[in-house]
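**Student:** let me see the structure of the following:
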Amino acid sequence: MPQKSFANVNGSFDAEIDIYRQQNREFAGLIYQSSELHSENLKKLLDSRIEEILEFEKSLALATLPESSWRNPTAHYNKMTLEEFASQSENFFNYTAFLNELAELYKLPYRFNSTDQVAVKDVGYYRKLSEILVQTPSLTMYNYLGYKLAWTWAKHTDQVEREFRFNYRSQRTGVKVPPLQWKTCLIAVDGWATSRLFVDRFVQKPQTKDQASEMVNDLRKVFTEVLRQKVDWLDTATKNKALEKAAKIRQYVAYPDWLLNDTALDLNKYGFTKEDFVKVKSGHYFEGQLEMVKRMSAIPLRNLHEPLKTDNDLGFSLSPSTINARVTQEKNSLSKCSFLKI
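**Tutor:** Numbering: from 1, shown residues only. Below is the predicted model:
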């Protein structure tokens, strides 16, 4: 649950917390599937463990920065070395060693050292985290992690679990009809893979991309003219900086050319070689999902020691099938990828 729910100012989220508590209780019952759960002693023990998990989860949620600060880039950008990062929590956790374990697991071509730099989103959270972990019994943390692991992967099991999840989602949101199964499956497939099919089937190449690019260029031209001639509330120095930034905006329109090449798509977006592909076997869906998550989790780590991809082919942040547009401050870029709604 989000921080504001656990904060529960003036009891505004009492009902949501009760639903979440009952969800945890019944989910534990699904995991155990044991007749022993009918015994009163075990029910009381289970309720006690669930309350401990909720209190632990609440303490983690309340340790984070409030949602009101999420749009403040200064509060969320704290650059430091891994050694300095560890010192923020009095060296309670060795982040360098942890990252090197991941590097070995994902067979990365490099290893981390304590002088590598990271940008920490919420320094205060990690300071509080060490205190929370010291005060929390090991059994509670074990149960919390076990519950989260089971909850994350149970959705890949059977219809009983999917119906269970939707029942509680319905109670929280009021949604009465579950999504169609084919839509759920489509969402589970990465957007770039489906975008290749989308572009092949619906997009007139290259006319559509040229027309969309022309539209974005016209918008940039008008914006620059308005900024230069009609904005009188900026001083000269600030206006010149704004014009300079506008001239350097990178635009990612329609689709990248490499999307139309299968080999380039595998390498550019996923960093996959033929040896990396997951061999999915019929009747082994769950195992295939485990392998796929392992592969996908390695992608951001593989990119850590690589230069930021900002050129007009590799800098796309939105897939072509996404009905949206986006401005990315870090890249000074504008993305406009959708051109057909179906």
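**Student:** the nearest residue to residue 281 once chain neighbours are set aside is in what secondary structure piece?
**Tutor:** Excluding the flanking residues, the one nearest residue 281 by Cβ to Cβ, 6 or more residues apart in numbering is residue 288, at 7.0 Å. Any C-beta I mention is one placed from the backbone N, CA and C, and that applies to glycine too. In the assignment (DSSP states H and E), residue 288 maps to helix 285-302.
**Student:** hey, where'd the strands end up in the stretch 51-200 of the chain?
**Tutor:** 78-81, 117-120 (DSSP state E, counting those that start in this stretch).
**Student:** go through the ones you listed and name the closest to residue 292.
**Tutor:** strand 117-120 (26.4 Å; Cβ to Cβ).
**Student:** off-centre distance for that closest one?
**Tutor:** 18 Å (Cα atoms, centre = their mean, to the nearest Å).
**Student:** what residues sit buried inside it?
**Tutor:** Residues of strand 117-120 classed as buried by neighbour count (16 or more other Cβ atoms under 10 Å): 118, 120.
**Student:** I'd like to know which elements it is packed against.
**Tutor:** When contacts are defined as 3 or more Cβ pairs under 8 Å, 6 or more residues apart in numbering; DSSP states H and E, strand 117-120 sits against strand 78-81, helix 82-88.
**Student:** so for it, what's the average pLDDT?
**Tutor:** If you average the pLDDT over strand 117-120, you get 89.
**Student:** what stretches of the stretch 1-150 of the chain score poorly on pLDDT?
**Tutor:** Residues of the stretch 1-150 of the chain meeting the criterion pLDDT under 70: 1-4, 6-11, 33-38.
**Student:** all helices for the stretch 1-150 of the chain, in order.
**Tutor:** With DSSP state H, counting those that start in this stretch as the criterion, the stretch 1-150 of the chain has helices at 3-7, 14-32, 40-62, 73-76, 82-88, 95-105, 123-135, 138-154.
**Student:** got the angle for the longest one vs helix 123-135?
**Tutor:** Note on geometry: by axes from the mean of the first three to the mean of the last three Cα atoms, to 10 degrees, helix 40-62 and helix 123-135 are set 150 degrees apart in direction.
**Student:** residues of helix 40-62 that come out buried?
**Tutor:** Those would be 46, 49, 50, 52, 53, 54, 56, 57, 58, 59, 60, for helix 40-62 by 16+ other Cβ under 10 Å.
**Student:** same thing with stretch 237-247?
**Tutor:** Applying 16+ other Cβ under 10 Å to stretch 237-247 flags residue 242 as buried.
**Student:** try stretch 125-139
**Tutor:** Neighbour-count burial for stretch 125-139 [16+ other Cβ under 10 Å]: 125, 126, 128, 129, 133, 136.
**Student:** cool, and stretch 189-196?
**Tutor:** 191, 192, 193, 195, 196.
**Student:** give me every residue that touches residue 183.
**Tutor:** Listed by Cβ atoms under 8 Å, 6 or more residues apart in numbering, the contact set of residue 183 is empty.
**Student:** sorry, back to before: of the buried residues of stretch 189-196, closest to residue 100?
**Tutor:** Among the buried residues of stretch 189-196, residue 192 lies closest to residue 100 (Cβ to Cβ), at 29.4 Å.
**Student:** you'd agree the closest one is up against residue 265?
**Tutor:** Yes. Using Cβ atoms under 8 Å, residue 192 makes contact with residue 265 at a distance of 6.7 Å.
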